[in-house]
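3D, please:
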Amino acid sequence: MSKFTHLHVHTQYSILDGAASIKGLVDKVKSSGMEAIAITDHGNMYGVLDFYNTCAKNGVKPILGCEVYITEKSRFSQSGKEDRSGRHLILLAKNHQGYKNLSKLVSKGFTEGFYYTPRIDFEILEEFSEGIIAASACLGGEIPQAIMRYNPVEKGRDYSHHIFNFDAVYPLVDKYLAIFKDDFYFELQNHGYPEQVMVNHALRQLSKEYGIKLIATNDVHYVNKEDYDAHTILICLNTGKDIDDTEGLHYTGNEFLKTPEEMAELFPDFLDALENTQEIVDKIEEYKLQRDVVLPKFPIPDEFTDEFSYLEHLSWEGARARWSEITPIIQERMDFELSVIKNMGFPGYFLITWDFIKEARRMGVRVGPGRGSAAGSAVAYCLEITNIDPIKYKLLFERFLNPERISMPDVDIDFDDFGREKVMNYVIEKYGKDKVSQIITFGSMAARSAIRDVARVLKLPLPEADRLAKLIPEGPKVKISDAIKKVPELLDAAENGSDLVRKTLKFAQTLEGSVRNTGVHACGVIIGPEDLTNFAPIGRAKDSNMPVTQYEGKLVESVGLLKMDFLGLRTLSIIDDALINIKLRHGIDLNIDIIPIDDAKTYELFSNGDTTAVFQFESAGMKKYLQELKPDRFEDIIAMNALYRPGPMQYIPNFINRKFGKEVIEYAYPVMEEYLDETYGITVYQEQVMLLSQAMAGFRRERLILCVKQWVRSSWM
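Alright, predicted model coming up:
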């Protein structure tokens, strides 16, 4: 038969409705000999970028789309039951302009039209229609609904020569044609409903009257036919029903990804509608979603020529305040960092970060001292983005910014959890609410939760469900299939358990990894140079009006958006409260940023293991090692924090023994002593590895950091 492409496909991002993984869909498309596939999730574009990337990697042409909800009234109307949803409409991006317009439509559905579902209306559909192909959708579409409203449906009836009442249909067709012209299609489906038989014949008649082409689709919700039961369970989870209460679910078993041959069997009288899907595929232009990050333009005072000149001024001003003398070492370090920042095009990033941290402090928000690789930047230290002297502690800038590996700087910024919102509001006010958002996260069914969810729907007794779930080893990436191979009791349950137990494990494996809900990234914030919908679709957080990107944090930078981390820490709020109490009770105005780090009583607390509620030093294991180490200098505390993690933890006893002379400190080469002396001859930090390799083998630090990161991963994991 002729080529065929699926143009109506719901993935797992049609949350608790679609059970099709993107990889599973793309794999089956390839194995079935199809060349392209569309994504049309309900009302959202959550999976579009993942889908695009997966298709590109596998040589499949991606068609980016959405099944939107369109309301007959205004998208702002929330007057009653009739406004709760909207009629379905398939929209497909024909080119990059179409993608941008689709992104805007879907975004406005959330930000302006959300009422039970994200709805759009004809006003914005017409405004943002350029580059978009539309199809009349399933029985939930506006045109099929109008056909059914005025034409009787009888099972088994021959509609080939039926005279239809199109009085209510003609105005709708005219409306869509006026918007989309040759890019509007009538959509046929056949899932076994008598309504579809009638609507398909009515659409054929309309097709002849208007010259509008037909396309055949399958309302795909899962990959393979045998996934039907698992999909039914997913719908039960969505509706709160169990397996004996499936009335009204209306799923026939036909909504899997059929091969072209299976589609031909389904539409023997509409083969032209199968072929027309390829006309749409041919209309779809190739375009890229990925682009370099575009930074917002930071406003600078008139006396400076550009962002770099202003950054340079602020940096040297800060350097003179931080250090009593600008030594040759400081001069060389600052010159080097500023040149790298300039050449990599990141002056604006530092200015943006400096600005909102400065404002946070002005508003009385407690700001953390800095952590991660950003602590290695002297420029960040001079701008008071961080409060750790990287030269004193021999921290390397190349771990933060590396000209050998172009990537965005990443400053992890901690605010007290009450003040974080103040900083967010400042950023929104400064850059504009259409240019700032948070980042979406997706909660998925992990192995244990998948078992418990499926067990509830199948009515497996709770004690048995709990027993099966607890047989899964703990860990974030543990899969049921792997656990069955490794845990004999679980293998026995899968092979010899009751029918209900075996079904639970089988269906749980199918649904494992399915997207279950959306959330908001704990700290990720996006700041764009223009309306964010020009880069990515925007949604909204549950029970909040705060916008969120519809792409996850690991993907959002790839479409050109700047991601920053604003983490709200209760620890900082506790510190702030303590400082306020100290001032109220003792009249002492203590500055936590400049307290001495050689206080004997503080080291006594650490040596006794009295570190409850001290972040990263409160576990029982850490307290035990602190009691053995008896730290009496800040470097001991830094080292213990670095060592107490999987991999380097094995060296803690050596570190303690060497501190007290119970173990000989040996250096394989004399040059090593200079870099390992403070850690008693043990290589603890990446910086030590880099400096040793530079001193002993002449490696350039910017090249070396890439090797060191790989070495650390392979050695400590």
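
bridging residues for the most centrally placed residue in the chain?
With distances taken as C-alpha atoms, centre = their mean, the residue of the chain nearest its centroid is residue 552 (1.5 Å). The partner list for residue 552 in beta bridges (DSSP bridges) reads residue 440.

Run through the residues that contact residue 108.
Neighbour list for residue 108: 75, 120, 124 [criterion: C-beta atoms under 8 Å, 6 or more residues apart in numbering]. Every C-beta, even on glycine, is put in place using the N, C-alpha and C of the backbone.

thinking again about what came up before, contact partners for the residue nearest to the centre of the chain?
Residue 552 sits next to 439-442 when contact means C-beta under 8 Å, 6+ apart.

Check the gap between it and residue 567 for me.
17 Å (C-beta to C-beta, to the nearest Å).

do residue 496 as well
Relative to residue 567, residue 496 is positioned 48 Å away (C-beta to C-beta).

What is the neighbour count of the residue nearest to residue 603 when sequence neighbours are not counted?
Leaving aside its chain neighbours, residue 603 sits nearest to residue 632 (5.2 Å; criterion: C-beta to C-beta, 6 or more residues apart in numbering). As a burial measure, residue 632 scores 15 neighbours (other C-beta atoms under 10 Å).

before we move on, what about residue 280?
Burial of residue 280 is recorded as 21 neighbouring residues (other C-beta under 10 Å).

now the strands for the stretch 501-650 of the chain?
For the stretch 501-650 of the chain, the strands defined by DSSP state E, counting those that start in this stretch cover 515-527, 538-540, 547-552, 562-569.

Same question for the chain.
In the chain, the strands defined using DSSP state E lie at 36-39, 61-70, 87-93, 114-115, 117-120, 132-135, 184-188, 214-216, 412-416, 436-444, 515-527, 538-540, 547-552, 562-569.

Serialize those to CSV and add fields for distance to residue 345.
Shown next, in CSV, are the strands of the chain (distance: least, C-beta to C-beta, whole Å):
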stretch, distance to residue 345
strand 36-39, 33
strand 61-70, 29
strand 87-93, 30
strand 114-115, 37
strand 117-120, 36
strand 132-135, 34
strand 184-188, 44
strand 214-216, 46
strand 412-416, 21
strand 436-444, 21
strand 515-527, 16
strand 538-540, 26
strand 547-552, 23
strand 562-569, 12
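
And the ones you listed: which comes nearest residue 460?
strand 515-527 (19.1 Å; C-beta to C-beta).

what pairs with the closest one, and is each one parallel or antiparallel?
Strand 515-527 is paired, per DSSP bridges, with strand 436-444 (antiparallel), strand 562-569 (antiparallel).

Tell me how far stretch 428-443 lies from the chain's centre.
From the chain centre to the centre of stretch 428-443 is a distance of 13 Å (C-alpha atoms, centre = their mean, to the nearest Å).

Kindly report the same for stretch 161-173.
Distance of stretch 161-173 from the chain centroid (C-alpha atoms, centre = their mean) equals 45 Å.

ranges for the helices of the stretch 601-717 of the chain?
In the stretch 601-717 of the chain, the helices defined using DSSP state H, counting those that start in this stretch lie at 620-629, 634-643, 652-659, 672-676, 686-697, 701-716.

quick one: contacts for residue 424?
Residues in contact with residue 424, defined by C-beta under 8 Å, 6+ apart, are 436, 525, 566.

make it 7 Å
Contact analysis of residue 424 by C-beta atoms under 7 Å, 6 or more residues apart in numbering lists 525, 566.

And for residue 507?
Counting by C-beta under 7 Å, 6+ apart, residue 507 has contacts 229-230, 233, 454.

number of nearby residues for residue 431?
For residue 431, using other C-beta under 10 Å, the count is 18.

before we move on, what about residue 542?
Neighbours of residue 542 (other C-beta under 10 Å): 10.

what does the one 4 residues further on give?
Burial of residue 546, expressed as a neighbour count using other C-beta under 10 Å, amounts to 14.

any idea how far the closest residue in space to it that isn't next to it in sequence lies from residue 90?
Closest residue to residue 546 apart from its sequence neighbours, by C-beta to C-beta, 6+ apart: residue 438 at 5.8 Å. Look at residue 438 and residue 90: by C-beta to C-beta, they are 29 Å apart.

Alright, that wraps it up for me.
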